[in-house]
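Enquirer: Provide a 3D model corresponding to the input given below.
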Amino acid sequence: MIALFAAASMALSSPDLSRLPPITREAQITYVDRSGAVIGVRGGKYAPPVDLARLPAYVPAAFVSIEDRRFYEHSGFDPVGMARAVIADLEKGKAREGASTITQQLARNLFLSNDKTLERKADELVYSVKLEQAYSKKQILALYLSRSYFGSGAYGIEAAAQRYFNKSAEKLSVREAATLAAILKSPTNYDPADFPEKSAERTKLVLDAMVETGAISAAERDKALAQTPKVWKTAPTAPAQYFIDWLDAQARAAIGPSTRQDLVVETTLDLSSEIAAGEAVKATTTKFAKQGVSEAAVVSLDGSGRVRVMVGGVDYARGPFNRAVDAHRQAGSAWKPFVYTTAMEAGQTPDLMVVDEPVTIDGWSPRNFEPEFMGQITLETALVHSINTVAARLADQVGRQNVAAVAHRMGIVSQINTDPAMALGTSLVTPFEMAQAYDTFGNGGYRIAAYGIERIKTTGGQVLFQHKPQLASLAVLNPALDEMQQMMRAVMVSGTGTHARVAGYDMAGKTGTTSDYKDAWFCGYTGGITTVVWTGRDDARPMARITGSTAPSEIWRAYMVQALKRLPNGPIPPGPPPPLPAVETPVAAPAPAEAIPPTTPTAPT
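Expert: Okay, the predicted model is just below:
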C-alpha cells in the first residue's frame with residue numbers, strides 16, 4: 001500500500017494528470033415501439049448519466065451498500081477500506097485486487113484500462129481524487145450507473161433492467177435492484193440468466209449489506225428474498241433487433257449526417273406482438289428441427305402498411321441476417337392468388353368449371369402434391385386444394401406477363417420470371433414484399449408501402465422527422481377482390497389453411513410449398529392485420545416434407561392468437577363497390593310518317 005501511495009504522489013505531479021480528460025460519449029439513437037417501450041439502442045455504448053431522482057432510493061443504495069458503503073464519506077479512495085482489504089488478503093494468504101471505491105471504478109471505466117499494474121492503480125487514485133473535486137457525489141454515482149457493464153452486452157443500469165427484467169430501471173423491485181448490483185463483482189459469473197444459483201447467493205449478500213447500511217429493513221429484505229423475479233434467458237427485445245437494423249439506415253438518412261445528439265425514433269412495432277412472434281418461431285422450429293426446419297421469418301402489417309412485427313430469424317445473437325427483408329426465396333403456391341386475381345379481373349369466376357388433368361406447357365408438365373387428379377372442379381376448389389395443373393393452365397390462359405403485372409401492382413418489387421413454372425411461385429421474393437402484396441387483399445384492395453418509422457425526435461422533444469401518409473391507390477377492384485376473398489376464406493375453412501385458422505375471426509389466406517420442400521409459407525389476413533410466415537434453411541437444403549400447412553401455419557396461428565388480443569375483431573374490408581357500367585341515355589326513335597299527326601295551321605292574325 002505504501003508503494004501505491006508513493007506512486008500516486010508521483011502521478012499527481014505528472015503534467016499528464018494535472019487535469020481530468022474530457023468525459024465524452026457518442027450519441028445514441030433509442031428506438032421505441034408504438035407504445036413507447038424501448039426496443040433497442042444504436043450508436044454509442046453508454047447512455048446519458050442516470051437521473052437518480054427518477055429511481056427508487058433503494059436502487060442506487062444497493063450498489064453503494066455492496067460496492068462502496070463509505071461512498072458518501074471518502075474523497076475518492078477509501079484508506080480504511082484498503083487497509084481492511086490488505087488484512088483480509090494476509091489472513092487468506094493470497095493477494096487480490098479489491099477495495100476499489102465507486103469513484104475509482106468510474107475513473108477506470110472513463111480513462112484507464114484494466115491492466116493490473118502499480119502504475120495504472122496509481123493513476124486511478126489520482127483520477128478518483130480529481131473526479132471528486134470536479135463532480136458531486138450524485139453526479140459520480142449517476143455516471144457510474146450509466147457506465148458499468150452488467151454482462152450480456154448491457155452497459156448501464158437502464159440497459160441491464162431492460163435486458164434481464166424487461167422493464168425500466170425506474171420500476172425495479174428491491175430484489176431486482178439487488179440482483180443487478182450483484183452482477184458487478186463478475187458480470188460473467190453472476191449473470192442471473194446463465195447462473196441463477198450463483199446470482200441468488202450474491203443477491204442475498206447485497207440485501208444483507210443493504211440492511212446493514214440502513215437502506216432497507218430486515219423485513220423488506222425477507223420480503224425480497226421470498227420473491228422470484230422473472231429473468232429473461234435471452235433479451236425479450238432480441239427479435240426486434242432485426243427490425244431496428246432494417247430501420248437504422250433509414251433513420252440516419254432521414255435526419256442527415258450532421259446530427260450529433262441523442263435521438264428517439266418512434267416506430268410502428270408492437271413489442272408484445274413481436275415477442276409473441278419470436279417465441280412462436282423458436283418453439284416451432286425446435287419442434288420441426290428433425291424435419292430440417294432451422295430458420296423462419298415473420299412480417300405482420302396493419303392495413304395502412306405499418307410494420308407491427310418483423311422477426312428475421314430464430315436467434316439474432318447467433319446471426320443477425322434478416323431473412324424477412326433480405327432472403328429471396330421461392331414463394332411456391334403462396335404465389336397462386338396473383339394468378340387467380342388476374343383471372344378474376346379477366347372475367348372468370350370462382351364457380352367456373354375447369355379440369356384437373358395432366359397438362360404440358362412449352363414442354364413443362366407440372367405435378368400436383370397429391371398424385372391423383374380430381375377431374376372436373378371449380379376454380380375455387382382448385383385454389384382451396386392448391387392444384388398445380390389448374391394454376392399453370394390458368395396463368396397460360398390469362399398471360400403470365402399479366403400475372404407479373406398484377407403482382408407488381410399489388411406490392412411485389414422483385415423481378416418476376418414469366419416462364420410457365422412462374423404460376424407455381426418460382427420467382428424469388430422476400431417475406432416483406434409478400435406481406436406488402438397480401439396486405440392489398442387484406443385492406444380492401446389498396447396498394448401500400450410498408451414502413452416502420454412514425455417520427456424522430458430529440459430527447460428534448462423537437463420533431464426532426466414525421467412520416468407523411470401516402471395517398472393509397474386501389475390496386476384490386478371489385479368484383480375481383482370480393483371473389484378472391486371468397487376463395488381464400490375457403491382455403492382456411494376447408495383447404496390447406498385449416499391448421500392456421502383462429503376461431504371467431506374472419507380470416508383468409510394461402511399456404512405455399514415449393515416442389516423441392518426448400519421453402520414453406522403461410523400468408524394470411526383478417527380485419528386489420530396481414531401476416532406472412534416463411535420457414536426453411538439458410539443452406540437451401542430441402543426440408544423433410546414440410547409444407548405450408550405444417551410449420552408455417554403453426555407459427556402463424558400461435559402468433560396471431562396473441563396479436564389479435566390487441567386488435568379489434570373486425571371483418572376483412574370488402575373494398576369499394578364495383579364501378580357501375582356506363583349507361584347510354586336512350587334516344588327516342590322517330591315515329592313512322594303515317595303516325596305523325598298533321599299540324600293544325602295557325603290562323604293568320
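
Enquirer: from here on, contacts and neighbour counts on C-alpha atoms
Expert: Fine.

Enquirer: Please, where are all the strands along the stretch 351-500 of the chain?
Expert: Per DSSP state E, counting those that start in this stretch, the stretch 351-500 of the chain carries strands over the ranges 353-356, 375-378, 428-429, 446-447, 453-458, 463-466, 473-474.

Enquirer: What degree of burial does A503 show, as a neighbour count?
Expert: A503: 8 surrounding residues under other Cα atoms under 10 Å.

Enquirer: and it, what does it touch?
Expert: If a contact means Cα atoms under 8 Å, 6 or more residues apart in numbering, then A503 has no contacts.

Enquirer: just the strands of the stretch 351-500 of the chain: most buried one?
Expert: The highest average neighbour count among the strands of the stretch 351-500 of the chain, using mean count of other Cα atoms under 10 Å, belongs to strand 446-447 at a mean of 26.

Enquirer: and that strand, what's its mean pLDDT?
Expert: On average, the pLDDT along strand 446-447 is 96.

Enquirer: what does stretch 310-318 give?
Expert: For stretch 310-318, the mean pLDDT works out to 95.

Enquirer: Same question for stretch 360-379.
Expert: On average, the pLDDT along stretch 360-379 is 92.

Enquirer: That one spans what distance, first to last residue?
Expert: For stretch 360-379, the separation between the terminal residues is 19 Å (Cα to Cα, to the nearest Å).

Enquirer: got it, and stretch 46-60?
Expert: Stretch 46-60 stretches 18 Å from its first residue to its last (Cα to Cα).

Enquirer: circling back: compare the strands of the stretch 351-500 of the chain and give me the one nearest K336.
Expert: Closest to K336 of those is strand 428-429 (Cα to Cα; 13.6 Å).

Enquirer: and the spatially most central residue of the chain, what does it touch?
Expert: Residue closest to the average C-alpha location in the chain (Cα atoms, centre = their mean): A240, at 2.7 Å. Counting by Cα under 8 Å, 6+ apart, A240 touches 39-40, 271, 274, 309-311.

Enquirer: circling back: quick one: closest of the strands of the stretch 351-500 of the chain to Y505.
Expert: strand 446-447 (21.4 Å).

Enquirer: Can you point out the buried residues in stretch 22-32?
Expert: For stretch 22-32, a neighbour-count test (16 or more other Cα atoms under 10 Å) marks 27-32 as buried.

Enquirer: repeat for stretch 425-440
Expert: Within stretch 425-440, the residues that count as buried by 16+ other Cα under 10 Å are 425-427, 429-440.

Enquirer: what do you get for stretch 39-55?
Expert: Neighbour counts using 16+ other Cα under 10 Å place 39-41, 45-50, 52 of stretch 39-55 among the buried residues.

Enquirer: okay if I get these as a markdown table plus secondary structure?
Expert: A markdown table is the format used below for the buried residues of stretch 39-55 (DSSP: H, G, I helix; E, B strand; the rest coil):
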| residue | secondary structure |
| --- | --- |
| I39 | strand |
| G40 | strand |
| V41 | strand |
| K45 | coil |
| Y46 | coil |
| A47 | coil |
| P48 | coil |
| P49 | coil |
| V50 | coil |
| L52 | helix |
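
Enquirer: need these in JSON lines with pLDDT and distance to T530, can you?
Expert: Compiled in JSON lines, these are given as follows (pLDDT from 0 to 100; distance: Cα to Cα, whole Å):
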{"residue": "I39", "pLDDT": "96", "distance to T530": "22"}
{"residue": "G40", "pLDDT": "95", "distance to T530": "25"}
{"residue": "V41", "pLDDT": "95", "distance to T530": "27"}
{"residue": "K45", "pLDDT": "91", "distance to T530": "36"}
{"residue": "Y46", "pLDDT": "93", "distance to T530": "37"}
{"residue": "A47", "pLDDT": "92", "distance to T530": "36"}
{"residue": "P48", "pLDDT": "91", "distance to T530": "38"}
{"residue": "P49", "pLDDT": "93", "distance to T530": "41"}
{"residue": "V50", "pLDDT": "95", "distance to T530": "40"}
{"residue": "L52", "pLDDT": "97", "distance to T530": "43"}
